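> After the sequence you'll find the predicted model.
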Amino acid sequence: MKTLTAPSHGGAPAPATGTATGLLVIGASQSGVQLAISLRALGYTGHITLLGEEDHRPYQRPALSKEFLQDKVGSESLIFRTNEYWIEHNITLIKGERIDAVDSRPDGSGVAHGTSGAHYPYLRLALTVGASPRLLQAPGATLPGVVYLRNADDALRLKDLAPGTTDVVVVGGGFIGLEAASSLASMGKRVTVLEYGPRLVGRAVGEETSEFFLTEHRKRGLDIRIGARIEEILPDDEGAVGAVKLEGGLVIEAQIVLVGIGVIPNTGLGEAMGLDTDNGILVDAGAVASDGTTIVVGDVANMPNPVPGAPDGERIRLESVNNAIEHAKVAAYSLMGRSEEYAGIPWFWSNQADMKLQIAGLSTGHDATVIRRDATRGKFTVLYYRAGRIIAADAVNAPLDFMAVKQALAAGKTIDPVAAADPATALKTLIA
């Protein structure tokens, strides 16, 4: 099995026994890595300890469901930084360690306790612990062959299983489910996607975009069932996955059941520390938790909505690479005693087969849409408006539309909806 592993203790030497690291970052994630990098760029000179639960060097996750699964890229290309980087920047990387308790003090210092028995004293603490897959609740959901796709071990397991498989059932029609389904179909597998809800990617895009992806994925060979309820996962003669039985009696053959039904923020450690939580750990605009000292960044953070014009008091938890990076930069400024607003407009992307979806802004609360479609070029864009002003866009194979909307939102400007309905008109010429 291929791995992303390196020695469990890498980078710069750890502080002497009993010596507190300047900053302990629990979670060697995209946001944790970015926080360390941003702090060094801002001139932070204290020692940093970056501690991860996985036995891998910090790596990029987006390719796991696409290029890595398809063997288009190797494991080394996913690694964020070399061990030499950590050494040169006085950052100790600790892998394969789980923190199960933290003793914190009012001044922000404390000691974190690992399940290995090791103790990690610190002067300041950052939690970049991300989220965990939501588990499928159905009889047979723990059979061999039921897999998830959140981390590198999940991806390696799926790659090991795929060669001997002809039929795959993907549970969940969100980004991860559709990306992985497209990848597996390109590898010659018969893939069925089961979506419990009324439409695909319902949490992230509007109805028009959902319908577009449903039509296009079916054209490309995916068997997609909307409103599908799983009654049971049935074993084969050897006790592994053999089929999926739906309510109503339909049985779908499968040797792999890939579950992608969302994630749950990892709030357990924060709750044990007494931090305020609600769909994530609550933070202020500077990424500081309710105790006034602990920094919380990325998927686990529930923060004030950073979108310009958002209602006062509105909060949001964002799951994206872009948010992990931008939120970490804000947190780095906080640790340096400076205040910096969240930079830029939230944006997301998803590559599914030959379709690249790019989302600018947040469409929540829209009251009107404009559709731009160029079927000959495979382009499709939905513009979202609220009270006559543009607030977001879903752009498929239309990067210029995506960039124009992102630019307009960042500048606090809008795009005329009447003129935008003509797909031959460049959106950048309509920004006003």
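Now that the structure is in, tell me what you want to look at.

> For the stretch 301-432 of the chain, which segments count as helices?
321-335, 399-410, 417-420 (DSSP state H, counting those that start in this stretch).

> List the buried residues in the first one.
Within helix 321-335, the residues that qualify as buried are 321, 323-335, counting by 16 or more other C-beta atoms under 10 Å. Backbone N, C-alpha and C define where each C-beta goes, glycine included.

> Using PDB, write out the CA atom coordinates for that helix.
C-alpha atoms of helix 321-335 as PDB (Å, rounded to 0.1, in the frame of the first residue of the first chain):
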ATOM      1  CA  VAL A 321      -9.600  25.200   0.800                       C
ATOM      2  CA  ASN A 322     -10.000  28.900   0.200                       C
ATOM      3  CA  ASN A 323     -11.600  29.400   3.600                       C
ATOM      4  CA  ALA A 324      -8.900  27.400   5.400                       C
ATOM      5  CA  ILE A 325      -6.200  29.600   3.800                       C
ATOM      6  CA  GLU A 326      -7.900  33.000   4.300                       C
ATOM      7  CA  HIS A 327      -9.200  32.200   7.800                       C
ATOM      8  CA  ALA A 328      -5.700  31.100   8.800                       C
ATOM      9  CA  LYS A 329      -4.200  34.400   7.600                       C
ATOM     10  CA  VAL A 330      -6.700  36.300   9.800                       C
ATOM     11  CA  ALA A 331      -5.800  34.100  12.700                       C
ATOM     12  CA  ALA A 332      -2.100  34.700  12.200                       C
ATOM     13  CA  TYR A 333      -2.700  38.400  12.500                       C
ATOM     14  CA  SER A 334      -4.600  37.900  15.700                       C
ATOM     15  CA  LEU A 335      -1.700  35.900  17.200                       C
END
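
> How about residues contacting it?
Residues outside helix 321-335 that contact it (C-beta atoms under 8 Å, 6 or more residues apart in numbering) are 23, 29-32, 34-35, 38-39, 41-42, 44, 60-62, 124, 126, 128, 285-288, 295-299, 301, 303, 306, 318, 339-344, 346-348.

> hmm, which of those are the buried ones?
23, 29-32, 34-35, 38-39, 44, 60-62, 124, 126, 128, 286-288, 295-299, 301, 303, 306, 318, 340, 342, 346-348.

> hang on, the earlier thing: could the helices of the stretch 301-432 of the chain be laid out in CSV, adding mean pLDDT?
Listed next are those as CSV, based on pLDDT from 0 to 100:
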stretch, mean pLDDT
helix 321-335, 96
helix 399-410, 96
helix 417-420, 97
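
> Redo the ones you listed as JSON lines? Include distance to residue 117.
Listed next are the helices of the stretch 301-432 of the chain as JSON lines, based on distance: least, C-beta to C-beta, whole Å:
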{"stretch": "helix 321-335", "distance to residue 117": "29"}
{"stretch": "helix 399-410", "distance to residue 117": "48"}
{"stretch": "helix 417-420", "distance to residue 117": "61"}
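
> With residue 390 as the reference, name the closest of the ones you listed.
The closest of these to residue 390 is helix 399-410. By C-beta to C-beta, the value is 6.1 Å.

> Pull the contacting residues for the nearest residue to residue 326 once chain neighbours are set aside.
Leaving out its chain neighbours, the residue that sits closest to residue 326 by C-beta to C-beta, 6 or more residues apart in numbering is residue 343, at 5.4 Å. Taking C-beta under 8 Å, 6+ apart, we find residue 343 in contact with 326, 329, 330.

> Low-confidence bits of the chain, can you list those?
Scanning the chain with the threshold set as pLDDT under 70 gives 1-18.

> list the contacts for the residue nearest to residue 306 when sequence neighbours are not counted?
Leaving aside its sequence neighbours, residue 306 sits nearest to residue 342 (C-beta to C-beta, 6+ apart; 3.5 Å). Residues near residue 342 by C-beta under 8 Å, 6+ apart: 285, 303, 306, 326, 327, 330.

> what do you get for residue 408?
With contact taken as C-beta under 8 Å, 6+ apart, residue 408 is in contact with 390, 414, 415, 427, 431.

> Taking those together, which two end up most distant?
So, the contacts of residue 408 by C-beta to C-beta: farthest apart are 414 and 427, at 11.1 Å.

> neighbour count winner among those two?
Neighbours were counted for residue 414 and for residue 427 using other C-beta atoms under 10 Å; residue 427 has more, 26 against 18.

> Let me see the contact set for that one.
400, 401, 404, 405, 408, 415, 420.

> Which residue is the nearest non-sequential neighbour of it?
Spatial nearest neighbour of residue 427, chain neighbours left out: residue 404 (3.6 Å); criterion: C-beta to C-beta, 6+ apart.

> neighbours of the one you found, just the number please.
For residue 404, using other C-beta under 10 Å, the count is 25.

> I'd like to know how far it sits from residue 380.
With distances taken as C-beta to C-beta, to the nearest Å, residue 404 is found 15 Å from residue 380.

> State the phi and psi torsions of residue 342.
Main-chain torsions, residue 342, degrees, to the nearest 10: phi -60, psi 130.

> Could you look up the SS state of the nearest residue to residue 73 once chain neighbours are set aside?
By the measure of C-beta to C-beta, 6+ apart, the closest residue to residue 73 outside its immediate chain neighbours is residue 67, 4.4 Å from it. Three-state call for residue 67 (DSSP: H, G, I helix; E, B strand; the rest coil): coil.

> right, and residue 67 touches residue 74 too?
No. At 9.6 Å, residue 67 and residue 74 do not qualify as touching, with contact defined as C-beta atoms under 8 Å.

> Pick out whichever of those two has more residues nearby.
residue 67 (16 against 12).

> before we move on, the earlier item: and of the contacts of residue 343, the nearest to residue 104?
Looking across the contacts of residue 343 and measuring by C-beta to C-beta, the closest to residue 104 is residue 330, at 21.5 Å.
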